[in-house]
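K.L.:
Next one to model:
(4 chains)
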There are 2 protein chains.
Amino acid sequence: MKKAPTIRDVAAAAGVSVSVVSRVLNPESGPVAPAKRESVLRVIDELGYRPRAAARELSVGHTPTVGLVVADLTNPFFAQLADRVVWEARSHGVQVVVMTTQEDPHLEADSLDTLLDRSVGGVIATPTGANIEKWARLQSLGVNVVFVDRTIPELSSVDVVSIENVDSARRATEYLLGLGHTRIGLISGPASTSTGRSRIQGYQSAHNNFKVQVDPQLVRDIPFRGDGGGDAVGSLLALPERPTGLIVANTAQVQSSVRRLVQTGTSIPGDLSVIVFDDNPWTELTSPPLSVIRQPIGMLAVHSLELVLGRMQGRLPDTPRRIEVNADFLPRSSCSPLLLSPTR
Amino acid sequence: MKKAPTIRDVAAAAGVSVSVVSRVLNPESGPVAPAKRESVLRVIDELGYRPRAAARELSVGHTPTVGLVVADLTNPFFAQLADRVVWEARSHGVQVVVMTTQEDPHLEADSLDTLLDRSVGGVIATPTGANIEKWARLQSLGVNVVFVDRTIPELSSVDVVSIENVDSARRATEYLLGLGHTRIGLISGPASTSTGRSRIQGYQSAHNNFKVQVDPQLVRDIPFRGDGGGDAVGSLLALPERPTGLIVANTAQVQSSVRRLVQTGTSIPGDLSVIVFDDNPWTELTSPPLSVIRQPIGMLAVHSLELVLGRMQGRLPDTPRRIEVNADFLPRSSCSPLLLSPTR
DNA sequence: GACCGGAGTGGAACCGGTTCCACTTTTGTA
DNA sequence: TACAAAAGTGGAACCGGTTCCACTCCGGTC
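P.N.:
Residues are numbered from 1 along each chain as shown, chains lettered A, B, ... in the order given. I've put the predicted structure just below:
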């Protein structure tokens, strides 16, 4: 356990000053005679010298690091997002610190403090919806914030990357309405979140287009945490007038919802036509494979990283950007036309 | 974008020296008069002061940070592992930097360099199997390394946390043998990896116990990368004497293997009794639900973190630890007795 | 041949913490 | 009451980089 060489060791061994070594390391910071550059590089290689990140950070005031704050890596949506972000970031020479909040505002607050302590240059996050002043403070301290998937309306100055939630929900709903279903259950995220609201709005709007009245009993906005999806499914199925269609628009609740459907032996699409918001690979391994709204996770990752890096390098105008990407609707065999049409 | 207060700002505002403030921050480093501690704390709160992590790191030489190097967050096994490690680490006040290798030795090497630059105190990793000298160097530089799930036999001095691979594979195989199956396909990880080898060994050993000869054609050790699982399944099913049982012991290939089974319309367990190494929640949503070897991911996470933190705090003996945790076999309805017994 | 501008260089301050050490005050004990 | 030990404090060096600045060479221009 010998200790690693420092820039002064390199300078001494190469017979130059530390300034020269530093300039070799950061070429844009000044000129170096080709011969000296050569010999410095050789010494660096021989000694196996690597600059300490902390020293650089202390001196320049910030790190080429971005924080990624997601709710839960266990959720395939976040896992894939994280994987892509980490991957993209590396190709830009940027590091990612991944933190999870479990949808808990306290943990989110902790994470933000930590990120601040580490002087990260930017944060990509799926905010819980709380900690508004904390997010604002982070931004006022010069940390670039990008919200992905969700947003907080009160924070109008942060960039947002999301899918077209209203539109996606509308398309899924219209698909079922088009098959003749008029009683369509909706399990969405909390109405306190932007995704929850938008998807409910899309669901409403589809009903309007089809001149079908929405039964409020059919709409369940439930938390992301826990597995309330199962209970929501249970209570929807227990309604006197059972729905014949179901849209699970709460990504975190897809698994528990589908589990309940399987457990109760609900025939899909016989008893219930189902569409879920999730592009989890396993959705096509159930029987029948589930129709899904496929969120383009790669796009979300690329755009949010692009935004955060762009801001960190100051090559973006000050006005906040809002990027909405398309989500595909992928019909599979979990939906079928309503056979007995109740209105005729 | 005002700049954040430093320890000297706090000292000035509280009318004390920086030493006192520092001692308030790190109580074990020296005494402070209660009255002054009080006023320093108040000033810290008023100013919203937070110590810069980089400054501390530079001064003490290392960070309370551990690197987590996994192949691919998209794989639910790693995703869950990461989630648990991040979670546990936070409760110890430790941060986690997650990196992915995609099973590529070059990317792994990059990750290690980066981790070294960041002066992390420890690394938890599922090594690709390459970069032996690099791992050794990391260790000689004082970074505590713990391998999880897999190991590299050449590196006898690193701690290892894994499941009882031989035993798990043996139990799964014996279960199928006990149901009368004699031709059991095995899709495992590469024989160049410790998990691959151990699981094949368990499979062999079960056959020995049952006095059944192993047909080498039935054993497929395939890479973790890509989705060779599908092809392996395809070629096993194409054998003149088809297997009646299948064990997928390559966690990364479970999805593509099952996908192929579904696509080819193989009846489970009618045509094929199936057991997979994975505790992915979706395995019980397929029809039928799959029998699984459930890896106790939480245990793996807890133990590896415990080891790495223990070493970082120097409260562990120098001898390397090897921890093997039990994996449960969870029979579900994807296995059935072989009906026509070929031997009678 | 005097003068100017730029390439190349090294010295030293600086970033924001921690810690060692010398020093003063308090406390406890004989 | 005297004195040693302990509690409390501030100064300053240090960690390992970056960067500003002053300075020395150059070659090219009137």
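
K.L.:
what's the closest non-adjacent residue to A:Met299?
P.N.:
Excluding the flanking residues, the one nearest A:Met299 by CB to CB, 6 or more residues apart in numbering or on different chains is A:Val325, at 4.6 Å. Yep, even glycine has a C-beta here, placed from its N, CA and C like the rest.

K.L.:
does A:Trp87 count as helix, strand or coil?
P.N.:
helix (DSSP: H, G, I helix; E, B strand; the rest coil).

K.L.:
residues in contact with the closest residue in space to it that isn't next to it in sequence?
P.N.:
Excluding its sequence neighbours, the residue lying closest to A:Trp87 (CB to CB, 6+ apart) is B:Thr100, at 6.4 Å. If a contact means CB atoms under 8 Å, 6 or more residues apart in numbering or on different chains, then B:Thr100 has A:Asp83, A:Val86, A:Trp87, B:Val69, B:Val70, B:Ala71, B:Asp72, B:Leu73, B:Leu107 as its contacts.

K.L.:
so what's the second one up against?
P.N.:
With contacts defined as CB under 8 Å, 6+ apart, the neighbours of A:Val86 are A:Leu68, A:Val96, A:Val98, B:Leu73, B:Val98, B:Met99, B:Thr100.

K.L.:
Low-confidence ranges, the stretch 1-150 of chain A, go.
P.N.:
Across the stretch 1-150 of chain A, the ranges flagged by pLDDT under 70 are A:1-2.

K.L.:
Strands of chain A, start to end?
P.N.:
Counting by DSSP state E, the segments of chain A that form strands are A:63-70, A:95-100, A:120-125, A:144-148, A:159-163, A:184-188, A:219-221, A:245-248, A:273-277, A:291-294, A:322-325, A:328-330.

K.L.:
looking at those, which is buried most?
P.N.:
Comparing the strands of chain A by mean neighbour count (mean count of other CB atoms under 10 Å in any protein chain shown), strand A:245-248 ranks first with a mean of 29.

K.L.:
That one packs against which elements?
P.N.:
When contacts are defined as 3 or more CB pairs under 8 Å, 6 or more residues apart in numbering or on different chains; DSSP states H and E, strand A:245-248 packs onto helix A:165-178, strand A:184-188, helix A:228-237, helix A:254-263, strand A:273-277.

K.L.:
Identify whichever of these lies nearest to chain B.
P.N.:
For those, the distance to chain B is smallest for helix A:254-263, at 5.6 Å, taking CB to the nearest CB.

K.L.:
ok, the closest one near chain B or not?
P.N.:
Yes: contact of helix A:254-263 with chain B (CB under 8 Å from any CB of the partner chain) involves A:Gln255, A:Val258, A:Arg259, A:Val262.

K.L.:
how far does that helix sit from the chain's center?
P.N.:
Counting by CA atoms, centre = their mean, to the nearest Å, helix A:254-263 is centred 23 Å from the centre of its parent chain.

K.L.:
how many degrees apart are it and helix A:228-237 in direction?
P.N.:
Counting by axes from the mean of the first three to the mean of the last three CA atoms, to 10 degrees, helix A:254-263 points 50 degrees away from the direction of helix A:228-237.

K.L.:
now for the helices and strands packed on strand A:245-248, which one comes closest to B:Thr182?
P.N.:
Among the helices and strands packed on strand A:245-248, helix A:254-263 comes nearest to B:Thr182, with 32.3 Å by CB to CB.

K.L.:
can you list contacts of that closest one?
P.N.:
Helix A:254-263 is contacted from outside by A:187, A:227-234, A:246, A:248, A:268, A:272, A:274, A:276-278, A:280, A:283, A:286, A:290, B:281-282, B:284-285, B:287, using CB under 8 Å, 6+ apart.

K.L.:
do stretch A:132-147 as well
P.N.:
Here stretch A:132-147 makes contact (CB under 8 Å, 6+ apart) with A:62, A:109, A:112, A:115-116, A:120-127, A:152, A:154-155, A:157-162, A:304, A:307-308, A:311-312, B:1-2, B:4, B:48.

K.L.:
Now that stretch: buried residues?
P.N.:
A:Lys134, A:Trp135, A:Ala136, A:Leu138, A:Gln139, A:Gly142, A:Val143, A:Asn144, A:Val145, A:Val146, A:Phe147 (16 or more other CB atoms under 10 Å in any protein chain shown).

K.L.:
Closest one of those residues to chain B?
P.N.:
Set against chain B, the nearest of the buried residues of stretch A:132-147 by CB to the nearest CB is A:Gly142 (4.5 Å).

K.L.:
Could you pull up phi and psi at the closest one?
P.N.:
Backbone torsions of A:Gly142, given as degrees, to the nearest 10, read phi 100, psi 10.

K.L.:
Relative to DNA strand D, how far out is it?
P.N.:
Using CB to the nearest atom of the strand, to the nearest Å, A:Gly142 is found at 16 Å from DNA strand D.

K.L.:
quick one: that residue and B:Glu57, what's the gap?
P.N.:
Remark: distance between A:Gly142 and B:Glu57 (CB to CB, to the nearest Å) = 20 Å.

K.L.:
what's the neighbour count on the closest residue to A:Met99 other than its chain neighbours?
P.N.:
Take A:Met99 and drop its neighbours on the chain: the residue closest to it by CB to CB, 6+ apart is A:Ser111, 4.2 Å away. A:Ser111 has 26 neighbouring residues, counting by other CB atoms under 10 Å in any protein chain shown.

K.L.:
Buried residues, stretch A:235-243. List them.
P.N.:
Those would be A:Leu236, A:Leu237, A:Pro243, for stretch A:235-243 by 16+ other CB under 10 Å.

K.L.:
ok so, going back, could you point out which of the helices and strands packed on strand A:245-248 sits nearest DNA strand C?
P.N.:
Proximity to DNA strand C (CB to the nearest atom of the strand) singles out helix A:165-178 among the helices and strands packed on strand A:245-248, at 40.7 Å.

K.L.:
Against which helices or strands is the closest one packed?
P.N.:
Where contact means 3+ CB pairs under 8 Å, 6+ apart, helix A:165-178 is packed against strand A:184-188, helix A:194-209, strand A:245-248, strand A:273-277, strand A:291-294, strand A:328-330.

K.L.:
Now do the buried residues in it.
P.N.:
Buried residues in helix A:165-178, counted by 16+ other CB under 10 Å: A:165-177.

K.L.:
and the two most separated of those?
P.N.:
Across these (CB to CB), the longest gap, 18.2 Å, separates A:Asn165 and A:Leu177.

K.L.:
can you tell me the residue of the stretch 151-300 of chain A closest to chain B?
P.N.:
A:Trp282 (3.7 Å).

K.L.:
still on that earlier bit, and the contacts of A:Val86 as TSV, adding distance to DNA strand D?
P.N.:
Output for the contacts of A:Val86, formatted as TSV (distance: CB to the nearest atom of the strand, whole Å):
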residue	distance to DNA strand D
A:Leu68	25
A:Val96	21
A:Val98	26
B:Leu73	30
B:Val98	25
B:Met99	21
B:Thr100	26
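
K.L.:
can you list those residues in JSON lines and add distance to A:Thr182?
P.N.:
As requested, these are exported to JSON lines (distance: CB to CB, whole Å):
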{"residue": "A:Leu68", "distance to A:Thr182": "42"}
{"residue": "A:Val96", "distance to A:Thr182": "46"}
{"residue": "A:Val98", "distance to A:Thr182": "44"}
{"residue": "B:Leu73", "distance to A:Thr182": "41"}
{"residue": "B:Val98", "distance to A:Thr182": "46"}
{"residue": "B:Met99", "distance to A:Thr182": "50"}
{"residue": "B:Thr100", "distance to A:Thr182": "46"}
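
K.L.:
and of those residues, the nearest to DNA strand C?
P.N.:
The closest of the contacts of A:Val86, once distances to DNA strand C are taken by CB to the nearest atom of the strand, is A:Val96, at 23.3 Å.

K.L.:
what about that closest one, distance to A:Val123?
P.N.:
Per CB to CB, A:Val96 is found 10 Å from A:Val123.

K.L.:
Common neighbours of those two, please.
P.N.:
Common contacts of A:Val96 and A:Val123 (CB under 8 Å, 6+ apart): A:Val66, A:Gly67, A:Leu68.
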